[in-house]
Every structure is written in structure tokens, then in C-alpha cells.
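Visitor: Sequence first, predicted coordinates after that:
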Amino acid sequence: MLILSLPPEIIDHIAFLVEKPRDLLALALTCRVVSEVIIPYHIDYRYILTPLHSSLWDHLITRRDLANRISHLFIHDDAESYGISPFPRLVDWSEGWVNEAMDGVLLRVCDALLSMKNLVSLKWKPLLSELDPETTVLEGSLWPTIQSFASLRHLLLPYPMSRVRKYNVLSNPLWSISNLTSLTLDNIPPPLYPFPPAPCIASLLRHSPCLEKLCLNATHPPISLSDIPLPRLCRLIFRTRPRDQEPFSRSPCPSLSRFLETHPSIESVEWLDSFPGLLDDYTLPNLRHIYGRDTRNGVENILNTPHHQKRPIESLGQLSLSPILFGALSNIQPHSLRRVDISHFPTIEDIGRLADMFPGITWLRVPAIDYRNDFSAATTRPILTAEWPDAISRFQNLEVFHGVSFFLEPTQCEENLHRAEYLHSICPRLREVDHWDNESSAILELLPIDVPDGSCVDDLPEFRIMALRERVIKDLDDRYAWREPFD
């Protein structure tokens, strides 16, 4: 093999150009020479998920050559239980945790970051209670370090809440970070905060005109940023929830409406509590995905906006079915809709009506509750499990259905197999349903089993038309995730 004649330095450089760990592993398995370079020095250092209080920083300060190999770093203080990270947990850095002053921890983090010259993605979700508003380490060391990364493209950070005035003006290095393609800011303060956040965030956005994803998590309705040109923005997330977790009054948010009207490139929009009002005609011509949490009017307002033709919407989230909403849904192209997440429906007949309107739906979720005894959160009357097959049978292209468990305990194997056969007969493409244990972090896959030619299923008890396979997933919320994690 030609690669065997290459010096280790060249192999090391080739491995550095491979980003995904699974591709690195495949390359490492080609031969022993390559594996001796990739396995100890690349696979464990491409993607890192670690707590803030970690022995990782001391290790990277000592081995700066390894720090230079890190391209994706996710600092999460609940890293032990964080189950839906887009990064694999390859190395356990929780060992050696030391409870020390926050300033000391941050200084070690900054020292380790200095060697991560090829960092592409940085995501930091600290415990806000641990951040001292009086500290100067963030503004004096951490933000300048992050600002120096030329390769950084994806950034997730908490909004800086320092009370030191000189660090809250536009001279803060954080607001000069440039060339991002995705940005998430958490815990944005109110507009009347002693140091208003609007000019700072506007400065950050102006330094990244090629931004494709923007997520703003605020404690109050979104600030107005409609005058910032972001011609490539395709995904927008506005979440507003006060610190006491009580929702705001259900009323349109003018600043969100203006932002949508001035950014026609948006393909996906999500909001929590604050929702858009009536929009100008022909707004959002490229819209494909809508996810309106805790509100119903926003979806109606967008779909009722006059457009040149029916909208090619592909996914809708948190729908509260009603006659008014069905009227708005008539403005969607019938065969474009693929994924639907329903939060409330008056009767089970409304589920069937949705199937008749959009025969191309392949993914459907309803609230996972006890529809016989505790149904009021999702519908108006009790629903027996036996009623659901008739409803989902009208979705002839359905592949995934969540919210209702059709199966019994594993000891009832024979009955479960009969139920799987019945589901296959009424919904031939269905492949993924809920686990029988709602508390389990698993789903069930319906798998077809091949029967030998000339054989009869009744003559072969070991064969079934459909079989169940339990697939464990990392987090309960992941089974209902209608969109990809932050990327």
C-alpha cells in the first residue's frame, strides 16, 4: 500500500483533514500504521463534550499538540446526562473534577483554548448561577480568546451579564466575532437592562453577514433587529420566557413580524410564546418549516399571508387543530407536507381529516398521554387505544408515529406480534412507533421478515410478517425531535 510508505507526519496531516469520527475510524481500520496515528491522537480529540469543571483543561495545557486537533467543543455543566448532543461523547473528562473558584477555572479554559487554532464550533451552556457578574475574566480573557479564532463558524454562548460598565459597550471583543454561520445567544436580558442588548447583538450580526442560523433565547420579547441584512439566513429561532418560567400574554410580537418581513431567505422559523402577527403580502417566499410552541395564532397568521401560490410547507410543529387552523392549512400544497407535530385536537376525527388533506405525511406525533383517563390536555373526550388504528390507517405513507403505544409488556410476545401484523396491514410503510414503557428511553421498530419462496407463514412459526425490535436512544426528548440539533 502506498500509504505505508508515507512518514507519520504526512499520515497525521491526512487524518487531520478528516472531520467525522466514524470516517476517522474507517480510515484507522485500513492498517496498523494508520491506526497508530489516528486512534490515540485524533478520534478522541475531534469532538469533545465536557463539563466546565474538568481535568481536560490541564491535559490540553500540557498537550497543546492535541488541543490543536479539536474542531468541536461543547462545554456543558450537565454533560453527564446530556443525551442529545450532536457530538459523540468520546472521552470522559469528568474525572478529576475540582471545586475551585470560577475565575481560576475560566483562566485555565482560556489557556487551553489558546491552542485550539482549528476550532470550528464552540458551544458553552454554563450554570448561570455560577457566573459572577463582577468577574472580569470573561471580558478580559475568554471573549478575546474566542474572538481570535479565524476558523470559528458555530457559536453558542450565554449573553454576558457583567456589571462592569466598560465591558458592556461595543468595544467588548465578543461583539466583534466575525464570519459565523450559526449563532445562539442564551439568556438575553430585557431591552431596559442597564446596558441595552440591542446594539451589541446588532454589532455581532453585522460582523457575520453570511449567517445561516440565528437563535435568540430571551427573558423578554425579542428586540428589533430587522434592519440587519442577513441575506443567507435560512433558520430563525426566537424563544421568550421570563425567568420565573411563566408564559407571556398571548399577543403578536411586532419585532418578530418585522424581522420575518425583511428576511425573505428564511426557510425555517420557530418561536416560543412570542409569535408573529399578520405579515405583509408575499412575505417568506422560501418558507418550508414552521414550529410555533405554546401558541396557535402565529401559524395561522403566516399561512394566511397572501402568497403567489399555495406554500410548499414540509413540516409543522405544535399544531392546535381547529376549524380556523384547517382553513389556514388549505393554503399549503397538499403533497408537500411530510412532518406534523400536534399539540391539541378536538376529536380523533380531526386526525383523519388531516390525513385526507395531506396524503404525503410520513411523520406524525400526538401528545404522549393517557387518552383514556387523562385526556383533557390534548383532546375533548376519552380515546381508546383501539380507535387509533382506524385514524392512522388513513395515512398511507406514514412511516413514524409517536404519542400512542400499541404494544403490551415483552412477556406478551405473541399478542405484540399480532398487533404488529395488524399495523402493517393497515399502514404498510409504518416502521417506528412508541415503546410499551413510556418512561423507557427506547422506541420500537417494525421490521419486515423475509419468508422463503414457496413457504407459508402458518407453516413456519418462527417467521412473522412483522417483527419488533427495541432500539435504545439517548434521551426521551430525542424520540420526538422533529428537527436536527444545533449544527
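Guide: Alright, I've got the coordinates.
Visitor: Okay, now the unreliable bits of the stretch 151-300 of the chain?
Guide: Residues of the stretch 151-300 of the chain meeting the criterion pLDDT under 70: 161-170, 193-194, 221-223, 241-250, 294-296.
Visitor: Please enumerate the helices of it.
Guide: In the stretch 151-300 of the chain, the helices defined using DSSP state H, counting those that start in this stretch lie at 198-206, 254-261, 297-303.
Visitor: just those: most buried one?
Guide: Greatest average neighbour count among the helices of the stretch 151-300 of the chain goes to helix 297-303 (a mean of 22), per mean count of other C-beta atoms under 10 Å. C-beta coordinates here come from the backbone N, C-alpha and C atoms, glycine included.
Visitor: Give the next helix or strand downstream of it.
Guide: strand 315-320 (DSSP states H and E).
Visitor: That next one packs against which elements?
Guide: strand 289-293, strand 339-344 (3 or more C-beta pairs under 8 Å, 6 or more residues apart in numbering; DSSP states H and E).
Visitor: got a list of contacts for the first one?
Guide: When you say that, I think you mean strand 289-293. Residues outside strand 289-293 that contact it (C-beta atoms under 8 Å, 6 or more residues apart in numbering): 239, 267-273, 275, 298-299, 302-303, 313-318, 341, 482-483.
Visitor: let's see 10 Å
Guide: 234-235, 237, 239, 241, 247, 266-273, 275-276, 284, 298-303, 311, 313-320, 332, 339, 341, 343, 482-483 (C-beta atoms under 10 Å, 6 or more residues apart in numbering).
Visitor: Read off the pLDDT value for Ser71.
Guide: Predicted confidence (pLDDT) for Ser71: 89.
Visitor: on that earlier part again, same list (the helices of the stretch 151-300 of the chain) but as CSV, adding distance to Ile383.
Guide: Shown next, in CSV, are the helices of the stretch 151-300 of the chain (distance: least, C-beta to C-beta, whole Å):
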stretch, distance to Ile383
helix 198-206, 45
helix 254-261, 35
helix 297-303, 24
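Visitor: Tell me which of the ones you listed lies nearest to Gln147.
Guide: helix 198-206 (10.6 Å; C-beta to C-beta).
Visitor: Could you export that closest one as CSV, CA atoms only?
Guide: Output of helix 198-206 as CSV, limited to C-alpha atoms (Å, rounded to 0.1, in the frame of the first residue of the first chain):
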residue,chain,number,x,y,z
ALA,A,198,-29.8,45.5,21.0
PRO,A,199,-26.7,47.5,19.8
CYS,A,200,-24.4,44.7,21.0
ILE,A,201,-26.3,41.9,19.2
ALA,A,202,-26.7,44.1,16.1
SER,A,203,-22.9,44.6,16.0
LEU,A,204,-22.3,40.9,16.3
LEU,A,205,-24.7,40.2,13.4
ARG,A,206,-23.2,42.8,11.2
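Visitor: Tell me the gap between it and the middle of its chain.
Guide: Centroid separation between helix 198-206 and its chain, computed with C-alpha atoms, centre = their mean, to the nearest Å, is 24 Å.
Visitor: And the contacts of that helix?
Guide: 155, 159-160, 168-172, 174-178, 180, 183, 185, 188, 191, 211, 214, 216, 218, 222-225, 227-230, 233, 255.
Visitor: Any quick PyMOL command for the buried ones out of those?
Guide: PyMOL command restricting the contacts of helix 198-206 to the buried ones, with burial defined by 16 or more other C-beta atoms under 10 Å:
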select buried, resi 155+159+160+168+172+174+175+177+180+183+185+188+211+214+216+218+222+223+224+225+228+230+233+255
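Visitor: In strands only, show me the contacts of helix 198-206.
Guide: Cross-referencing these against strands under DSSP state E gives 155, 183, 185, 188, 214, 216, 218.
Visitor: a markdown table for the helices and strands packed on strand 315-320, including distance to Leu423 and mean neighbour count?
Guide: Formatted as a markdown table, those follow (distance: least, C-beta to C-beta, whole Å; neighbours: other C-beta atoms under 10 Å):
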| stretch | distance to Leu423 | mean neighbour count |
| --- | --- | --- |
| strand 289-293 | 28 | 21 |
| strand 339-344 | 19 | 20 |
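Visitor: possible to save the ones you listed as TSV with distance to Arg69?
Guide: Formatted as TSV, the helices and strands packed on strand 315-320 follow (distance: least, C-beta to C-beta, whole Å):
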stretch	distance to Arg69
strand 289-293	35
strand 339-344	37
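Visitor: among these, which is nearest Ala28?
Guide: That would be strand 339-344 among the helices and strands packed on strand 315-320, by C-beta to C-beta, at 36.4 Å.
Visitor: helices or strands up against that closest one?
Guide: Secondary-structure packing of strand 339-344 (3 or more C-beta pairs under 10 Å, 6 or more residues apart in numbering; DSSP states H and E): strand 289-293, strand 315-320, helix 348-357, strand 363-365.
Visitor: Just send those back as JSON lines, with distance to Leu6 too.
Guide: Below are the helices and strands packed on strand 339-344 laid out as JSON lines (distance: least, C-beta to C-beta, whole Å):
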{"stretch": "strand 289-293", "distance to Leu6": "45"}
{"stretch": "strand 315-320", "distance to Leu6": "46"}
{"stretch": "helix 348-357", "distance to Leu6": "58"}
{"stretch": "strand 363-365", "distance to Leu6": "46"}
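Visitor: between the ones you listed, which gets nearest to Phe149?
Guide: strand 289-293 (30.1 Å).
Visitor: Show me what that closest one pairs with in its sheet, parallel or antiparallel.
Guide: Pairing partners of strand 289-293, with direction, according to DSSP bridges: strand 268-272 (parallel), strand 315-320 (parallel).
Visitor: Phe358 and Thr379, how far apart?
Guide: For Phe358, the distance to Thr379 (C-beta to C-beta, to the nearest Å) stands at 20 Å.
Visitor: Could you count how many residues lie near Arg69?
Guide: Around Arg69 there are 20 other residues, counting by other C-beta atoms under 10 Å.
Visitor: wait, it sits on Asp12?
Guide: Yes - the pair Arg69 / Asp12 is scored as a contact, 9.2 Å apart, by C-beta atoms under 10 Å.
Visitor: what is in contact with these two at once?
Guide: In contact with both Arg69 and Asp12: 41-42, using C-beta under 10 Å, 6+ apart.
Visitor: any idea which helix or strand comes after the helix or strand where Asp65 lies?
Guide: Asp65 is located in helix 64-67, with elements delineated by DSSP H and E. Next helix or strand after helix 64-67 toward the C-terminus (DSSP H and E): strand 72-76.
Visitor: Buried residues, that following strand. List them.
Guide: For strand 72-76, by 16+ other C-beta under 10 Å, it's 72-76.
Visitor: Where does the record place the domain boundaries for the chain?
Guide: Using the TED database, the domain ranges for the chain come out as 1-39, 309-452+460-486.
Visitor: still on that earlier bit, what comes into contact with the helix holding Asp65?
Guide: 12, 40-42, 44-45, 48, 56-57, 59-61, 73, 111-119.
Visitor: Give me the buried subset of these.
Guide: For the contacts of helix 64-67, buried by 16+ other C-beta under 10 Å: 12, 41-42, 44-45, 48, 56-57, 60, 73, 111-113, 115-116, 119.
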